[in-house]
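>>> Sharing a sequence plus its predicted fold:
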Amino acid sequence: MTDVLPTAPSTEPAHPSVVIALDVGGTGIKSALVRPDGSTHHSERHPTGADRGPAAVVETILTVAEGLAGRARADGLAPVAVGIAVPGVVDQAAGVAVWSANLGFRDVPLRDLVSERLGLPSALGHDVRVGGIAEARLGAGRGDRYVLFTAIGTGIAAALTIDGTAFVGAHGAAGELGHIVVRPDGPKCGCGQVGCLEAIASAAAVGRRYTALAGSGSTGDRVSAAEVVRRAAGGEELAVRIWQETVDALADGLLIAQALYDPAVVVVGGGLAEAGDDLLVPLRTALRARLTFHREPRLVPAALGDEAGCLGAALLALDTIGDLETGSAAHIP
């Protein structure tokens, strides 16, 4: 008679796992199912519908997340966590969207609402910080320990990451580079200050300033920042002047950031970064001219584009699983 040894239970999961990730913006929600290696299995886009009010936006987020969970299971995958990124002020530790002008949020316990609806561990992060995490681990900052991700779009914000983890701050408000005052006699900012970097060098500010100086009679509707860049490249005097003022303001802001954080690399993303070398080449020159004792950081374009938010939200969710299971973050190398 042959002895039959008992079969050890398999340690392999019944189904490959994925994370549900949502990057919630003022006009659209980018969402995806992301594998633990950082690759995307499936992605979707949905309108935010912020004009319907914050309660409706929350319900849309929950519905989109539920739909992705169902899609994962239909594809033979196991959703294991949810990561969500939102703009504004975020208390990441408490999982609360403290304030967001774009979404109308005030003290929304979004992490817990998602966990209750889906029955999965969830994480909530700031959109720029999770974008910085993605760029640091998977994108243009990969391989560097100290990375400053700067998003220059409708507004300006930054995220300092160290070993792939973003610095949050005591109140979830770290990285507001756009609200460093660089021109004390400059225009008033939406935050109430005068001369903030965002009020001078954001994409919105560039287009607004050009349109005001050119005069509505000759330009019609507001000129976009991309059009200002195009006209500056063509040698138009007003566009050249405004673009140089923009670059100078950004260089002053980055000099302050370099003095404070000393990153090895500055990753430049956001809509204005689509100007490519028209931005990066003069910005490198202007920053270099301002450096004294500071070490010059590498200034590089973001690599992940508008996927950074979703990927970063997924990484944040994976970190949460790691914290729950082992007490350490499950960083993707």
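Yep, it's here.
>>> which stretches of the stretch 101-250 of the chain have low pLDDT?
216-220 (pLDDT under 70).
>>> where exactly do the strands run in the stretch 101-250 of the chain?
105-108, 122-126, 146-152, 156-162, 165-166 (DSSP state E, counting those that start in this stretch).
>>> Arg284: which of the ones you listed is closest?
In terms of C-beta to C-beta, the element of the strands of the stretch 101-250 of the chain nearest to Arg284 is strand 146-152, at 13.4 Å. C-beta: built from backbone N, CA, C; applies to glycine.
>>> Met144 touches Val265, doesn't it?
Heads up, residue 144 is Asp, not Met. Yes: at 4.9 Å, Asp144 counts as touching Val265 under the criterion of C-beta atoms under 8 Å.
>>> Domain boundaries for the chain, per the record?
According to automatic domain parsing, the chain comprises the domains 17-132+307-326, 143-303.
>>> most tightly surrounded among those?
Stretch with highest mean neighbour count among the domains of the chain: domain 17-132+307-326 (a mean of 20; mean count of other C-beta atoms under 10 Å).
>>> Find the nearest non-adjacent residue to the residue nearest to the spatial centre of the chain, please.
Nearest to the mean C-alpha position of the chain, counting by C-alpha atoms, centre = their mean, stands Val128 at 2.6 Å. Spatial nearest neighbour of Val128, excluding adjacent residues (C-beta to C-beta, 6 or more residues apart in numbering): Ala157 at 4.2 Å.
>>> Run through the bridge partners of Ile29.
Counting by DSSP bridges, Ile29 forms beta bridges with Val24, His46.
>>> Where do the helices of the stretch 201-333 of the chain begin and end?
203-214, 216-219, 225-233, 237-261, 277-290, 308-326 (DSSP state H, counting those that start in this stretch).
>>> Present those helices as a markdown table; the columns should include distance to Gly67.
Listed next are the helices of the stretch 201-333 of the chain as a markdown table, based on distance: least, C-beta to C-beta, whole Å:
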| stretch | distance to Gly67 |
| --- | --- |
| helix 203-214 | 32 |
| helix 216-219 | 43 |
| helix 225-233 | 33 |
| helix 237-261 | 39 |
| helix 277-290 | 38 |
| helix 308-326 | 15 |
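>>> Which one of those helices lies nearest to Val82?
Using C-beta to C-beta, the helices of the stretch 201-333 of the chain put helix 308-326 closest to Val82, at 5.9 Å.
>>> between that closest one and strand 146-152, how many degrees?
Between helix 308-326 and strand 146-152, the angle comes out at 140 degrees (axes from the mean of the first three to the mean of the last three C-alpha atoms, to 10 degrees).
>>> what's the angle between helix 308-326 and strand 122-126?
Interaxial angle of helix 308-326 relative to strand 122-126 (the same axes, to 10 degrees): 140 degrees.
>>> ok, now how distant is the closest residue to Gly164 other than its chain neighbours from Gly38?
Excluding its sequence neighbours, the residue lying closest to Gly164 (C-beta to C-beta, 6+ apart) is Arg137, at 4.5 Å. Arg137 sits 8 Å away from Gly38, taking C-beta to C-beta, to the nearest Å as the criterion.
>>> where exactly do the helices run in the stretch 51-200 of the chain?
For the stretch 51-200 of the chain, the helices defined by DSSP H, counting those that start in this stretch occupy 54-74, 110-118, 127-138, 197-201.
>>> do you know which of the ones you listed lies nearest Leu318?
helix 127-138 (10.3 Å).
>>> now for that closest one, which elements pack on it?
In terms of contacts (3 or more C-beta pairs under 8 Å, 6 or more residues apart in numbering; DSSP states H and E), helix 127-138 is packed against strand 17-24, strand 78-86, strand 146-152, strand 156-162, strand 165-166, strand 265-269, helix 308-326.
>>> right, and these - which one's nearest Ala259?
strand 146-152 (11.9 Å).
>>> I'd assumed Ala97 was in contact with Asp112.
No: in this structure Asp112 lies outside contact range of Ala97 using C-beta under 8 Å: 11.2 Å.
>>> which outside residues touch stretch 112-121?
Residues from elsewhere that reach stretch 112-121 (C-beta atoms under 8 Å, 6 or more residues apart in numbering): 20, 58, 61-62, 65-66, 69, 79-82, 84, 95, 122, 124, 317, 320-321, 324.
>>> hmm, I was thinking of stretch 297-309
Applying C-beta under 8 Å, 6+ apart, the contact partners of stretch 297-309 are 23, 25, 30, 32, 40, 43, 85, 127, 130-131, 134-135, 138-141, 148-149, 254, 258, 263-270, 273, 276, 280, 283-284, 287, 311.
>>> Then stretch 53-73?
The contact list for stretch 53-73, computed with C-beta under 8 Å, 6+ apart, reads 18, 20, 22, 24, 29, 31-33, 41-42, 44, 46, 48-50, 78-79, 82, 84, 103-106, 108, 110, 113-114, 117-118, 120.
>>> just stretch 37-48 next, same as before
18, 24-35, 57, 60, 64, 67-68, 71-72, 75, 77, 103, 137-138, 307, 310-311, 314-315, 332.
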